[in-house]
Structures are given as C-alpha cells and as structure tokens.
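In: what follows is a predicted protein model with its sequence.
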Amino acid sequence: MKKLNTTLFTLLTGMFLPLATMAQQPKAAGPTPNKYQVAWQKMEYYAFIHFSMNTFTDIEWGYGDKDPKLFNPSDLDCRQWARTAKEAGMKGIILTAKHHDGFCLWPSKYTDYSVKNSPWKNGKGDLVKELAEACKEYGLKLGIYLSPWDRNNADYGKPEYITYFRNQLRELLSNYGDIFEVWFDGANGGTGYYGGARETRNVDRKTYYDWQNTFKIVRELQPAAMIFSDGGPDVRWCGDEEGWVGETNWSLLRRDEVWPGYPNYQELRYGHENGTHWVPAEVNVSMRPGWFYHQSEDHKVKTVPELVDIYYQSIGRNGTLLINFPVDKRGLIHEQDAENIIAMKKTIDAELKENLASNKRYMASNIRNKSSNYSVANAFDKNANTYWATDDNVRQANLIINFGEKKDFNRFLIQEYTPLGQRVKSFSIEAKTADGWKEIAKGTTIGYKRILRFPTVSSNALRLNINDAKACPLITEIGVFNAPKMLSAPSLSRNKQGLVTISVDDKENKVFYTLDGTNPDKNNNSYNAAFSLTDKAVVKAVSFDPSTQKYSPVSTANFDISRKKWKLIDSDAITSDLMFDGNPATTYHYEIKKTPAEITVDLDSVVNLRGIKYMPDQSRYPKGIIFGYEIFCSTDGQQWKKVLSGEFSNIKNNPLEQTLNFPAIQTRYIRFKAVSTTTDDKELGIAELDIITE
Ligand code: FUL
Ligand code: CA
C-alpha cells in the first residue's frame, strides 16, 4: 500500500508539475513561426551567387537568345565560393540555378538550354551538383534560385510552361540533397526570345503560376525548405535591393494580399503590424552595383564600412542577410569582394565581442509569477529557449543592468523569444547619470534581433524600458557592447569654391591633417570643419581614436589650383559646375550638338599646365564616356595648339579617373575633344575635370 502511494504520488506530481508550469507559460500572441522558420532565422547570414550566361555576355538580364557555347568559365571552383562564405561567417549559399534568361546551370532533362551544351567540362558539368558538394564539405546549406520568368522557353506565358517550371523545380529539389531555401523572384513577364518568337509576353502575376500548387511541390520534396518570394509564404523580400529593412520591422504579413510582383512592395520593408501570418524579411543585396559580374564595377565593390552598415540595417533590424557575390568569368569570387566581406565579418565580431551585461546585477519591474523560470538572468544566459517574461497584463516594463563600475558602451542588442510571437512595439534605453536617467537611444520593434548603435556612453548602469507591446514582453537575450572605433582612412574632397572637406566613417574619432606633405599625427592641425584652400597643396589626413591612441591609414589628396573661377565656354548650363565640384557622384551632362563633341574651359588666368584629370560619369548606367580624345590649349581663346591625343584604352570596363600628362605649356583655355565615345549617347557625362600645373 505504501509502495502504491508513493507511486501514485510520483505519478500525480509527474502529471501536475508540468501542468502547473504550463499554466504559467505565456500564450502565443498573434501569428508564430513554424519550427523551420525558427531554425532558418538563426542562420542570420548567407550568400547569394549570381553566375550564369549573363556573366559572359556582361549584362544583368539576358534576353534568352545567347548561344550556350558562350558559357565557359576558365577556373570555376565552387569550393572557393564555399570557403569564402565560410570564412565570412555565412551559413549557406543560394545559387541562381536558372535566371530570367532560362539558361540552366544543371543539365536539366527538360531543355537543351543548359550547361550540357556549353564547352565547360565538355558539356558534362553540373554546377548545382558541384556547389552542393562544396557546401557539404564546408558545412554550409544549399539554396536555389529558380526564376519563374523564362525568356528562352517557347511556352512561356502558356499553361505548358507551368509544367516545365514545375518539372525543373522537381529536378532541383530531388537530386541535390537538402535545400534550405527556394528563391522565387518577383520579375515576371515582358520581352524575350521565347523560342524564337522574340516578342512581349505579359502574364497575370497573380494567377499564371498557380503558386499554391507549386509550393506544394516544395513541401512534398523539401519540407524544411523556406519558400521565398515577395510575399513568402515563408520568407518575404525586404522591399529594396540596397541592403536595408525598416527600423520598424514586423515578421508579420497580411500574406494573402501579397504575391510575387506585388506593386506596393515598399510595405515589405516594415511588414504588417496586424499581419495574419509569420513571414520574416530577408535583405538581399549585392557586393557590387550589379547582381552579375561586370569588370566595369571592379572599383565599386562595397567597402567594409558600407558592409558593416548593411549588417546593422538587416540582421540588426530583425532581418536575415543575403549577400550576393557576382562570380566572375573565371568562375571565382573576385579577390576584392572576398577580402571585403571577410573584413566585415571580423569587424562585426570585434564590435560585438564582449557582452558587458553578462553576470551583472539586474533588477526588473516585473517577473512573471515571480518565478525563477522567467527571471531576468534568462536574458543573459545565451540560451535561445529561456527568456525573461512578465505577467500577462504587462505592456510596459523595465530592466536595470548594474555594471558595478563605469563602463563605456555604444551598442545594444536585444532579442525577443519569437516562437511565441513578435510583441514589442516600442522600447528605449537610458544611462544612469549624475542627474538621473538619460535616454541614449530608442527603437520600435525588436523581433528575433535588434541592435542599436549610438555614440559611446560612459555609465554605471543601463535601463531598458519596454514602452509598448502587443502582449507581455518575452526577452531572450540582451547584450551591451563597446565597439572599437572604425579606423578607415578619411576621404578628402574640395568643392569649386575651394572648401576642403575631410570625412571619416567613425564620427567619434578625431581628424588631423597637414598641408606640407608630411604624415599627420595628433600634434598637427585638428580638423573640425571644412576649410578654405585656394592654392595648390598636398593634403594628408588621418583619423585618430583617442581612447586607444590608434591612427587610421593616411589619406592623401593632391589639390591643384582652385577651380573657383573656371567657366565652361559655349554653354549656359549652370550644371557644368558639377564637373568642378570635387564630388564623383555628381555629373555634368553635356548635350552633344555636333560631332566630335568638345568642351572648352576658361581657367580665368594663364597657368603652366602639364596634365589633365578626367573622371567619367560614375553612375550605374553611365552616359557618354569619352574614349578617343584630343587636348588643345590656348592663351587667348583664338589660337589653339594640340598638346595630346590618344585613347583611354580600358575605360569602358574600368571607368576610373584618367590622368593625362604632357610637357608643360602656358595656357588659359583648355579644349577637350571627344573624338569617340564608348556608346552613342547624345551627351557626354563628366563627373570631374581637373588640371595638373607645373
Ligand atoms: C531581381 C532580379 O531581377 C535580379 O536580376 C536579381 O536576380 C535579383 C536578386 O532579383 O529582382
Ligand atoms: Ca562632380
């Protein structure tokens, strides 16, 4: 009997204890992620590869008519892609198995328009397979991009194409192991080759693809895979291709209102607060302006500070980050792209290295049922399954972290326990000062992860205020960090008026400069505001972190005589000053009235000229780049002397600033003749024009 009693007791408590804790457990609030979405979000950061026929034809959107023989990488190495992604801290790679031009990187049974008719590996290659193997070797997951739009296929626009599309989807989801994400682009329909028809085919983006039945194929063959499109169903587009998602970012969406090609796509940047489904945002952005490789963009690889901003504007705003590598004609990630992305990863690791808030004294305004199951310590234990929670009725709460001594900090990281929904609508953080609590920064939504950046604060304590929430807040992780200052070389520019501006990436650093050619340090001129420099001078500048006494690399600018009084002759365009403003991003567009076009500049006084600097239009689709040129000089604007002629040999592929040198000549007027241009635009696009004097 006694035995039975104990057994009964154990049985009963065994039944009731979990029930008792369960009763305390918060209920889900609104839509919640499924377990695959939870696992996917933890990947945070993965690579995109755009590589296909377009790589060889130097375009972004292939028409679908190019010969498969053009696809011929010389040194293709998927292991180099995987190694780079791994070193950059990424967790997977998504490949453009088929882009809009319809060319397939795997030997699809259903078309001849694929690698099997290319010279690469004598038509025996399978790029999806090679990448799948490389990913496996490096412990990365594989995803595929299969463009719904197919500008090669003769049936595009007809019902038959849907069968073709689904057959290809089946091939990709059956033969290459686990697929973590299937990427369906929103660009659909338009002009194309279409098996030779060469016409425009528009489709009803909402109905043509019968998406629901296409999604079923993914569920059947790869149940764990995320389906990406403008409106999910599992992952949504972030609404831009620049590398950011809204500061307010709900992982919720009124999903039934959105479809691939959705016109109000800007909403996707913020999600829908009253969304009906869990559809988190993914931020897709390329290392370069284009998605595909173009040699002409070799000098436009995103810099480390730009990539760091992208990190905070995506992962730091409740998004995942999908960074694209435009693999080059060799079949490799370009060295510069690899270097910058790895440096970005190292920078972020250093910025978020030591959590100053762990193992400190905490005090919360409310703890759920006063239970240790929901204690504040749960928000500092690095365990994604435990969290600090409040009582159900709470919508405002605060938590104080007492550092025990003065600490410097400039980053705040916070995560919600999203398996029970996204709740917080507004929060702020404060630092304790001699005059009480002072606000440092604030935010709206949190979600899976939110990171705030702010100027360095020195304080003994930090207070987090949850100011509004849809339901009681559940906070799974909090971090406070002191990111080291970014010490990248300053950038220097001088405008037409002769004002020199020195800018640095980290505004908390000090800047020092010299005008005599020596390397600057903290004993030299300290830069506080733009200064006037009308003479010819070499300006050298450094950025300096007072807390570590470290310097950035030195930047040097050779400014010649000021362009203040320069005038463009034969043109009344005020915008001509755009080529004298020291800003590469602004361009003067000179309308070509007669060919060859020429522009004449009056320097206002006679100088001893020995060179010219010309920077073509730096925009993504530059206009009127000068190829063949002639330079003339004159002291009176009547008598001209030709001083140089030639070609800017690689300017189309590499549109950098060009420098021309010639024996010194006295001149007041310069005539720059465009003997030929790289395209037959009706204008010349000149970003900057400058001179070199003796
Ligand atoms: C876009 C496409 O049209 C681009 O070519 C690229 O694939 C990008 C990721 O998505 O919508
Ligand atoms: Ca300019």
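Out: Nice, I can see it. Please read all numbers here as calculations on a predicted model, not as lab measurements. Ligands and ions are numbered 1, 2, ... in the order given.
In: give me every residue that touches residue 620.
Out: Counting by Cβ atoms under 8 Å, 6 or more residues apart in numbering, residue 620 touches 289, 290. All C-beta atoms are positioned from the backbone trio N, CA, C, and that covers glycine.
In: so what pLDDT did it get?
Out: What the model reports for residue 620 is a pLDDT of 87.
In: how near is it to ligand 1?
Out: 13 Å (Cβ to the nearest ligand atom, to the nearest Å).
In: specify the local secondary structure of that residue.
Out: coil (DSSP: H, G, I helix; E, B strand; the rest coil).
In: can you start the count at 18 instead of 1 from here on
Out: Sure, I'll start numbering at 18, so the last one becomes residue 637.
In: ok, it to ligand 2 distance?
Out: From residue 637 across to ligand 2, the span is 16 Å (Cβ to the ion, to the nearest Å).
In: averaged pLDDT, stretch 581-588. What do you get?
Out: Mean pLDDT, computed over stretch 581-588, is 89.
In: show residues contacting it.
Out: Residues outside stretch 581-588 that contact it (Cβ under 8 Å, 6+ apart): 513-515, 551, 593, 597, 607, 616-622, 654, 686.
In: are any of these buried, and which?
Out: 513, 515, 593, 597, 607, 616, 617, 618, 620, 686 (16 or more other Cβ atoms under 10 Å).
In: max pairwise distance over the residues you listed: which two?
Out: Across these, no pair lies farther apart than 515 and 607, at 23.7 Å, counting by Cβ to Cβ.
In: show me what contacts the residue nearest to residue 607 when sequence neighbours are not counted?
Out: Nearest non-adjacent residue to residue 607, counting by Cβ to Cβ, 6 or more residues apart in numbering: residue 701, 4.4 Å away. Neighbour list for residue 701: 606, 607, 609, 614, 616, 640, 641, 643, 691, 694 [criterion: Cβ under 8 Å, 6+ apart].
In: next up, phi/psi of residue 531, please.
Out: When quoted as degrees, to the nearest 10, the phi and psi of residue 531 stand at phi -130, psi 160.
In: show me what it bridges to in the sheet.
Out: Assessed by DSSP bridges, residue 531 has beta-bridge partners residue 557.
In: how about the contacts made by it?
Out: Per Cβ under 8 Å, 6+ apart, neighbours of residue 531: 537, 541, 542, 556, 557.
In: list buried residues within these.
Out: Neighbour counting with 16+ other Cβ under 10 Å marks 537, 541, 556, 557 as buried within these.
In: follow-up on the earlier one: and which of the contacts of residue 531 is nearest residue 247?
Out: Proximity of these to residue 247 (Cβ to Cβ) peaks at residue 556, which lies at 47.7 Å.
In: assign a three-state SS to the residue nearest to that closest one when sequence neighbours are not counted, would you?
Out: Nearest non-adjacent residue to residue 556, counting by Cβ to Cβ, 6+ apart: residue 574, 4.9 Å away. Secondary structure assignment for residue 574 (three-state DSSP): strand.
In: in this structure residue 574 contacts residue 550, no?
Out: No - counting by Cβ atoms under 8 Å, residue 550 is not a contact partner of residue 574; they are 9.9 Å apart.
In: who touches both of those two?
Out: In contact with both residue 574 and residue 550: 511, 556, using Cβ under 8 Å, 6+ apart.
In: what about these two, which has more around it?
Out: Between residue 574 and residue 550, counted using other Cβ atoms under 10 Å, residue 574 has the larger neighbour count: 19 against 16.
In: coming back round to it: between the contacts of stretch 581-588, which is nearest residue 443?
Out: Of all the contacts of stretch 581-588, residue 514 has the smallest distance to residue 443: 44.3 Å, by Cβ to Cβ.
In: give the contact list for the closest one.
Out: Going by Cβ under 8 Å, 6+ apart, the list of residues near residue 514 reads 549, 579, 581.
In: and the residue of the stretch 318-467 of the chain nearest ligand 2?
Out: residue 320 (19.6 Å; Cβ to the ion).
In: please read the previous query as pertaining to the chain.
Out: Closest residue of the chain to ligand 2, Cβ to the ion: residue 603 (3.8 Å).
In: compute the first-to-last residue distance for stretch 170-181.
Out: Criterion Cα to Cα, to the nearest Å; first-to-last residue distance in stretch 170-181 is 9 Å.
In: let me redo that: stretch 317-335
Out: Distance across stretch 317-335, first residue to last, is 27 Å (Cα to Cα).
In: so which bits of stretch 318-333 are buried?
Out: For stretch 318-333, burial by neighbour count (16+ other Cβ under 10 Å) applies to 318-319, 321, 324-333.
In: cool, stretch 678-698 as well?
Out: Within stretch 678-698, the residues that qualify as buried are 682, 684, 685, 686, 687, 688, 689, 690, 691, 692, 694, 695, counting by 16+ other Cβ under 10 Å.
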